[in-house]
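Asks: structure, please.
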Amino acid sequence: MQITDIKAQKKRDKWQRIVNLLFPFTLSYTLILAIFFLMPDYSEKISLLFFIPSIIFIIITLIGIGIVKHTKIYSYKYLKRLSFKIFLRDNYRNFLHSKVYIIDNQIAYLGSLNYTHSGTKHSIETRTKLTEPEVINKINSLFYEIWENQLNLTEYTWQDIVKDFYHEPIN
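Replies: The predicted structure is shown next:
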């Protein structure tokens, strides 16, 4: 479930408006000053003090761009039923490549489906659904046998993996 932080969204929207207003003004002001500064008749009349507002506007604009880019307004909460664990090896030699998903020891899926954005949205993947208790028990036994012989496994939660599916619209 996607949760929107309204306070962060208002902050980001406010800075987006500031940047949208300030950027063209800063650019125009700086270019006009630079043109006059480079003209021989005016260069002596224009003090460097006229560039101070330009520098301040540039700094505020850059700060605003940074705030807009890095303010996260979404967080994700996942239902308890999705709280299974995922284990990946750091060393990819001699590993089981097929995907096996066992859900509540009642349903097993076997196939090529990767839980990635591409795997779930774009690729044509295969998977077989199994519900026979004897078969699921055999798959579990095979999994634990392989599990006991594997080294360097890193545990990930569904939340760690799924957060890569969602992208913020502005950031």
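Asks: from here on, contacts and neighbour counts on C-alpha atoms
Replies: OK.
Asks: quickly list the domain ranges of the protein.
Replies: Domains of the chain are assigned by automatic domain parsing as 2-75, 81-165.
Asks: quick one: buried residues of the strand or helix carrying K7?
Replies: Using DSSP states H and E, the element containing K7 is helix 6-38. Neighbour counts over helix 6-38 (16 or more other CA atoms under 10 Å) mark 9, 12, 15-16, 19, 22-23, 26, 29-30, 33, 37 as buried.
Asks: wait, which of those residues is closest to E145?
Replies: Among the buried residues of helix 6-38, Q9 lies closest to E145 (CA to CA), at 48.6 Å.
Asks: who touches that closest one in this structure?
Replies: Applying CA atoms under 8 Å, 6 or more residues apart in numbering, we find Q9 in contact with 71-73.
Asks: highest neighbour count among those?
Replies: I73 (18 neighbours; other CA atoms under 10 Å).
Asks: now the phi/psi pair for it, please.
Replies: As for I73, its main-chain torsions (degrees, to the nearest 10) stand at phi -110, psi -10.
Asks: can you map out the strands along this structure?
Replies: 2-4, 74-76, 85-89, 99-103, 107-111, 127-130, 153-157 (DSSP state E).
Asks: tell me which residues of the fourth one are tucked away?
Replies: Applying a neighbour-count criterion of 16+ other CA under 10 Å, the buried positions in strand 99-103 are 100-102.
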